[in-house]
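Peer 1: What follows is a predicted structure for the sequence shown.
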Amino acid sequence: QVQLVESGGGLVQAGGSLRLSCAASGRTFSSYGMGWFRQAPEKEREFVAAISARGGAASYADSVQDRFTISRDNAKNTLYLQMTSLKPEDTANYYCARAFYGSGTYSAPASYDYWGQGTPVTVSS
């Protein structure tokens, strides 16, 4: 069983920065692609960023490109999301997830089987 626990969310002013972390249990973390998603109230869950198993490839939603950076430390079983130049429209619950197959990057929620409980990010204007 894989458990994912996010942390690092909070309240920040527009233009500020936050770094989210996702701690994973289990010994197979380095074998799977990982992703970050977010869901704002009354909106569907949307893709934010994904990273390959070894960290050599990453992909981003257009809305966060050049502002967010996804990374991972396989020795620590931890996934990160560095968020800069935050905007009010980035306000949402942020979830990390593990791809259920393969080591690449995937943007569809259906490509992920394990999810964390989410951490809230609120960006004030």
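Peer 2: Now that the structure is in, tell me what you want to look at.
Peer 1: how about the helices of this structure, start to end?
Peer 2: Assigned helices in the chain: none (criterion: DSSP state H).
Peer 1: Who is the spatially most central residue of it paired with across the strands?
Peer 2: Nearest residue to the geometric centre of the chain (C-alpha atoms, centre = their mean): W36, 2.3 Å. W36 has the following beta-bridge partners by DSSP bridges: A49, C96.
Peer 1: Who are the contact partners of it?
Peer 2: L20, C22, V48, A49, A50, I70, L79, L81, Y94, Y95, C96, A97 (C-beta atoms under 8 Å, 6 or more residues apart in numbering). Yep, even glycine has a C-beta here, placed from its N, CA and C like the rest.
Peer 1: The second one against L4, yeah?
Peer 2: Yes - between C22 and L4 there is a contact under C-beta atoms under 8 Å: 5.6 Å.
Peer 1: Give the residues shared as contacts by the two.
Peer 2: Joint contacts of C22 and L4 (C-beta under 8 Å, 6+ apart) are C96, G116.
Peer 1: pLDDT below threshold where in the chain?
Peer 2: Residue ranges of the chain with pLDDT under 70: none are present.
Peer 1: could you pull out the strands for it?
Peer 2: Assigned by DSSP state E, the chain shows strands spanning 4-7, 10-13, 18-24, 34-39, 46-51, 58-60, 68-73, 78-83, 92-99, 112-115, 119-124.
Peer 1: which non-adjacent residue is nearest L81?
Peer 2: Among residues not flanking L81 along the chain, L20 sits closest, at 4.3 Å (C-beta to C-beta, 6 or more residues apart in numbering).
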